[in-house]
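Participant: sequence first, predicted model second:
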Amino acid sequence: MGMSSDDVVLIEEGKNSGEPSVVTVNCPDKAGLGCDLVRNVLEFGLYVTRGDFSTDGKWCYIVLWVVSRPLSLKIDWGSLKNRLLSCCPSFLPAFYLSQLPDRSRSPQLYVLKVFSLDRQGLVHDVTKVLCELELTIQGLKVMTTPDGKVLDLFFITDHLDMLHTRIRREETCEHLSGVLGECCISCELQLAGPEFKYQQGFSSISEEVADELFSCELSTKEDCSQTINKAVSGDKKAVINVDNLMSPAHTLLQIQCLDHKALIYDILKISKDCNIRIAYGRISTSVKGYRSLDLFIQKDDGKKILDIENQVALCSRLKEEMLHPLRVIITNRGPDTELLVANPVELSGKGRPRVFYDVTFALKTLGICIFFAEVGRHSTSDREWEVYKFRLDETRGFPLTSNRAKRDIVDEVRRTLMGW
């Protein structure tokens, strides 16, 4: 028969505003399961306040305490539960598995055409609705008219794989029209035809820009982020102790690091990519902006990490990912000003959650308009990156020729992405 969905994923919602909800997952184990679960939690705008992980290699038990960021954010707990269930190994009854979307093929690209009166923050408002509907933005083109109207073309994919149905398309347009109100003139959603194929390509990055964007190495530029410097008053931003004496079968990693909203995901991503098994883990609550974790780990062969070089390499990757999970720069592209945001992707090919949402929110806060955006991949010698490009419109408050304004934009975008 198999277990029921309530036996696999149980969500207990917090009774009061700001009180953590408790997500419990009890299922057969698989490599990288913790990373996959936390990634989906982040995609719903939730922040992990603390957590416990336990597995014997065959069965796992995971408990996450989560709160929404911001607290006013409404969470569709039913959709989150279905998303978490889709991460668990395929042991559920066939009748339930048939309801989950097929991940074996690439999602189809659709174009959403929003014709409306132009106003500040329009791109983010549409982005927020699309996130709530579990639609992912792959690109954006904005075209303005002389009479103050704007045509936004959003190139999107559907996590639920249901946009081929008329009901799903109509519900999406109706929801958008309701949120945008009177400024929305029309909304259309259709499969992206041959005339939009060029949008799926990703414009190249010049060697000079690539050097600036990807060369921020921990060993030489630990202080490259103004935001990190302003947020940290202590001497150490990240400390990792490796202990092979505490447990006869596991290596203990004791981690203390400056907290940010995706810190747990970044740590679990490295463990997944490095084939590190976490037999037991405890994530403590943030204290004075710092987070502590105790992780009992093994290599994929079930042995401790005794080699000093392997220990150093693992700690180096963890520190770089914890302190510099994102790269944010502003550069000139001909006459245009371009904001670039990059983050390493998982070896599985998955990118970082909610980057487009956070960047558009930061730009809306600053009163800066976007007239073009795209998402693509860029490979360096040792990893693949997901790169977001935003071409910005000049505003009175932020003249884009000003170096100070550019620094302020980068700082605000990075703070929003890190949750500071």
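Facilitator: All right, it came through fine. Remember, predicted model here, so these are calculated numbers, not experimental data.

Participant: quick one: the residue nearest to residue 299 when sequence neighbours are not counted and residue 312, what's the gap?
Facilitator: On the basis of CB to CB, 6 or more residues apart in numbering, the spatially nearest residue to residue 299 that is not a chain neighbour turns out to be residue 305, at 6.1 Å. In short, each C-beta sits where N, CA and C put it, glycine included. Between residue 305 and residue 312 the computed distance is 10 Å (CB to CB, to the nearest Å).

Participant: again, but for residue 143
Facilitator: Relative to residue 312, residue 143 is positioned 52 Å away (CB to CB).

Participant: and the gap between residue 384 and residue 347?
Facilitator: Counting by CB to CB, the gap from residue 384 to residue 347 is 9 Å.

Participant: what about stretch 246-254, how long is it end to end?
Facilitator: Taking CA to CA, to the nearest Å as the measure, stretch 246-254 stretches 11 Å from start to finish.

Participant: quick one: distance of it to the chain centre.
Facilitator: For stretch 246-254, the distance from its own C-alpha centre to the chain's C-alpha centre is 30 Å (CA atoms, centre = their mean, to the nearest Å).

Participant: other residues contacting it?
Facilitator: Applying CB atoms under 8 Å, 6 or more residues apart in numbering, the set of residues contacting stretch 246-254 from outside is 240-244, 279-280, 292-298, 304-306, 311, 318.

Participant: which residue ranges of the stretch 101-250 of the chain form strands?
Facilitator: Secondary structure of the stretch 101-250 of the chain by DSSP state E, counting those that start in this stretch: the strands cover 110-117, 135-144, 149-158, 184-191, 238-243.

Participant: so which of those gets nearest residue 417?
Facilitator: Nearest of these to residue 417, taken as CB to CB: strand 135-144 at 15.7 Å.

Participant: what helices and strands are in contact with that closest one?
Facilitator: Applying 3 or more CB pairs under 8 Å, 6 or more residues apart in numbering; DSSP states H and E, one finds that strand 135-144 makes contact with helix 122-132, strand 149-158, strand 370-379.

Participant: out of the ones you listed, flag the one nearest residue 393.
Facilitator: strand 370-379 (5.5 Å).

Participant: could you pull up phi and psi at the nearest residue to residue 42 once chain neighbours are set aside?
Facilitator: Distance criterion CB to CB, 6+ apart; nearest residue to residue 42, sequence neighbours excluded, is residue 353 at 4.2 Å. The main-chain torsion angles of residue 353 are listed as degrees, to the nearest 10 and equal phi -70, psi 140.

Participant: all further residue positions should be reported with the first residue as 603.
Facilitator: OK, 603 is where the count begins now, so the last one is residue 955.

Participant: tell me which residue of the chain is furthest from the middle?
Facilitator: residue 749 (36.7 Å; CA atoms, centre = their mean).

Participant: how many neighbours does residue 995 have?
Facilitator: Around residue 995 there are 16 other residues, counting by other CB atoms under 10 Å.

Participant: grab the nearest non-local neighbour of it.
Facilitator: Beyond its immediate neighbours in the sequence, the residue positioned closest to residue 995 (CB to CB, 6+ apart) is residue 971, lying 4.0 Å away.

Participant: and that neighbour, how far from residue 733?
Facilitator: Relative to residue 733, residue 971 is positioned 20 Å away (criterion: CB to CB).

Participant: before we move on, the earlier item: residue 633 is nearest to which of the strands of the stretch 703-852 of the chain?
Facilitator: In this view, those are compared for proximity to residue 633 by CB to CB, and strand 840-845 is the closest at 21.7 Å.

Participant: got the buried residues for that closest one?
Facilitator: Burial within strand 840-845, assessed by neighbour count using 16 or more other CB atoms under 10 Å, is assigned to 840, 842, 844.

Participant: repeat for stretch 749-759
Facilitator: 752, 753, 754, 755, 756, 757, 758, 759.

Participant: that stretch: how far from the chain's middle?
Facilitator: Offset of stretch 749-759 from its chain centre (CA atoms, centre = their mean): 24 Å.

Participant: report the central residue of this structure.
Facilitator: Centroid-nearest residue in the chain: residue 955, 1.6 Å away (criterion: CA atoms, centre = their mean).

Participant: list the contacts of it.
Facilitator: When contacts are counted by CB under 8 Å, 6+ apart, residue 955 is found next to 641, 642, 644, 645, 864, 867.

Participant: one more: residue 949?
Facilitator: So, once contact is read as CB under 8 Å, 6+ apart, residue 949 ends up touching 874, 875.

Participant: state the three-state secondary structure for it.
Facilitator: Classification of residue 949 using DSSP: H, G, I helix; E, B strand; the rest coil returns coil.
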